[in-house]
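# Give the three-dimensional model of this entry:
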Amino acid sequence: MTAPRRPARRPRARTPKGRSRVGERFEAVVGPVAHGGHCVVRLPEPESRVVFVRHALPGERVLLEITEGTEGDRFWRGDAVEVLEASPDRVAAPCPYAGPGRCGGCDFQHVTLPRQRGLKTEVVREQLSRLAGIAWDGEVEAVPGDDHGLRWRTRQRYVPLRDGGRGMRKHRSNDVVPIEDCLIEATEPSGHTALGRHFEVADDGFWQVHPGAPDVLVTTVLEMLRPQPGESALDLYAGVGLFAAFLVEAVGRSGRVVAIEGDDVASALSATNCPGAEVQAGDVAGVLDSAFDEPFDLVVLDPPREGARRPVVEHVVRRTPRAVAYVACDPAALARDLAIFAEHGYALSALRAFDLFPMTHHVECVALLTRG
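Down below sits the predicted model:
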């Protein structure tokens, strides 16, 4: 996604469905990892409830405390507040603010980096299998640019405190934890460059936060699409033109690149960053409803976290591209969109996943779709 990100959503206030179970504790063996930075625990009777538990690892025996849930809820949420039998992949969190009841910014500070990537691999595989019927045997890959999973976040938001300090919110809460030093925040600002090329970006505009991300994403997209001179390409959710700039170079003066972006400021900057591209500001589905309805050879999709969704996917397939590169920051949204592509004869030909957000549950995927 290359437009400004929206702030993380806070949980909606819900009508209680009976007696609250918050604060109750249960001893349990932790099940598999689930999408969202937690693991699954199935409490036996009389509770007979699924609990999504943070700060745990599969196979551990823990004492968990319910943090959200009432008698009538289908599932509860909880924290592992005591580890009774630890996984060999458990480590002491390097950050003093990580753990139950503390900062909610990181999900996996208690996990070795190789196992973090293994957990993310399991999540990507499960989402693709369950939502799209796709078996993937790849692995989440490390990306150069962080310090053992730390000091990679080149942009960080804090909550200003009344005493002049700063803080971070607790998980699924508006409560704030004062923070002196966030260990995933980079110590130096990062320039907006990709493969040696500079990009203009608004002060509050989106740019990939991991310093290794622009290079690896551009390289992967170009390797997958293999753009040729004279071809035409659509760059959807183009942001400031990260992919469009390199597509323009690849297809040459005889080719064509159209960059569509919903954010007016980012779209204007993409015109600066991508001389030779046709730049259009506006909602992607809305623009494709009324313009650029001719065939295109290539499409790059880099949608927001919720994915491209059916209207945009169907607009894409109507342009009959030979190849589509889909850049996704949420494996569930990616899988749902891949299933829609499959309805129209576009199959997954390749997929790579990158650990652009160490210590968190987030993972970035790049998928190649081709006809037939």
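
# quick one, what contacts residue 336?
Listed by CB atoms under 8 Å, 6 or more residues apart in numbering, the contact partners of residue 336 are 131-132, 307. In this view, the C-beta of every residue, glycine as well, is placed from N, C-alpha and C.

# Tabulate the residues you listed (a markdown table), appending secondary structure.
Below are these laid out as a markdown table (DSSP: H, G, I helix; E, B strand; the rest coil):
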| residue | secondary structure |
| --- | --- |
| 131 | helix |
| 132 | helix |
| 307 | coil |
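
# Could you give the backbone dihedrals for the most centrally placed residue in the chain?
Closest to where the C-alpha atoms of the chain average out (CA atoms, centre = their mean) is residue 329, at 2.6 Å. Note on residue 329: its backbone torsions stand at phi -100, psi 0 [degrees, to the nearest 10].

# That one is in contact with residue 360, isn't it?
No - with contacts counted by CB atoms under 8 Å, residue 329 stays clear of residue 360, the gap being 11.2 Å.

# rewinding a little: quick check: the gap between the residue nearest to the centre of the chain and residue 311.
20 Å (CB to CB, to the nearest Å).

# what secondary structure does residue 108 sit in?
Going by three-state DSSP: residue 108 is coil.

# who are the neighbours in contact with it?
If you count contacts by CB under 8 Å, 6+ apart, then residue 108 has 37, 116, 119, 359-361 around it.

# Would you map the helices across the stretch 201-350 of the chain?
213-225, 242-251, 264-273, 284-290, 309-318, 331-343 (DSSP state H, counting those that start in this stretch).

# Pick the most buried one from the ones you listed.
helix 242-251 (a mean of 24; mean count of other CB atoms under 10 Å).

# what's it in contact with?
Residues contacting helix 242-251 (CB under 8 Å, 6+ apart): 2, 194-195, 197, 199, 208, 214, 217-218, 221-222, 227-233, 235, 238, 255, 257, 259, 270, 273-277, 298, 300, 302, 325.

# which ones among these are found in strands?
194, 197, 232-233, 235, 257, 259, 298, 300, 325 (DSSP state E).

# Name the residue most distant from the centre of this structure?
Max radial position in the chain (CA atoms, centre = their mean) goes to residue 46, at 36.9 Å.

# quick one: pLDDT of that residue?
Residue 46 is assigned 93 on the pLDDT scale.

# part of a helix, is it?
No - assessed with three-state DSSP, residue 46 is coil; it does not lie in a helix.

# Is it possible to mark the buried ones in the contacts of residue 108?
37, 116, 119, 359-361 (16 or more other CB atoms under 10 Å).

# now residue 107, nearest residue through space, not along the chain?
Spatial nearest neighbour of residue 107, chain neighbours left out: residue 37 (3.2 Å); criterion: CB to CB, 6 or more residues apart in numbering.

# cool, and residue 113?
Closest to residue 113 by CB to CB, 6+ apart is residue 149, at 5.0 Å.

# State the pLDDT value of that neighbour.
pLDDT at residue 149 comes out at 98.

# what's the answer for residue 17, then?
pLDDT at residue 17 comes out at 80.

# Equivalent analysis for residue 188, please.
85.

# so how far is residue 152 from it?
For residue 188, the distance to residue 152 equals 11 Å [CB to CB].

# quick one, which of those two is more surrounded?
Set side by side, residue 188 and residue 152 show more neighbours around residue 152, with 25 against 8, by other CB atoms under 10 Å.

# Isn't that one up against residue 213?
No - the pair residue 152 / residue 213 is not scored as a contact, 9.1 Å apart, by CB under 8 Å.

# any common contacting residues for the two?
Joint contacts of residue 152 and residue 213 (CB under 8 Å, 6+ apart) are residue 145.

# Residue 57 contacts residue 89, doesn't it?
Yes - assessed by CB under 8 Å, residue 57 is found in contact with residue 89 at 5.9 Å.

# okay, those two: which has more neighbours?
Neighbour count, other CB under 10 Å: between residue 57 and residue 89, residue 57 has more, with 23 against 19.

# and the more buried one, what does it touch?
30, 39, 86-87, 89-90, 110-111, 115.

# so of those, which ones are in helices?
residue 115 (DSSP state H).

# Using TSV, lay out the contacts of residue 57 together with pLDDT and distance to residue 69.
Shown next, in TSV, are the contacts of residue 57 (pLDDT from 0 to 100; distance: CB to CB, whole Å):
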residue	pLDDT	distance to residue 69
30	98	17
39	98	16
86	98	25
87	98	25
89	98	27
90	98	25
110	98	23
111	98	25
115	98	28
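
# List buried residues within the contacts of residue 57.
Buried, going by 16+ other CB under 10 Å: 30, 39, 87, 89-90, 110-111, 115, out of the contacts of residue 57.

# So which of the residues you listed is the closest to residue 286?
For the buried ones among the contacts of residue 57, the residue nearest residue 286 by CB to CB is residue 39; the value is 40.5 Å.
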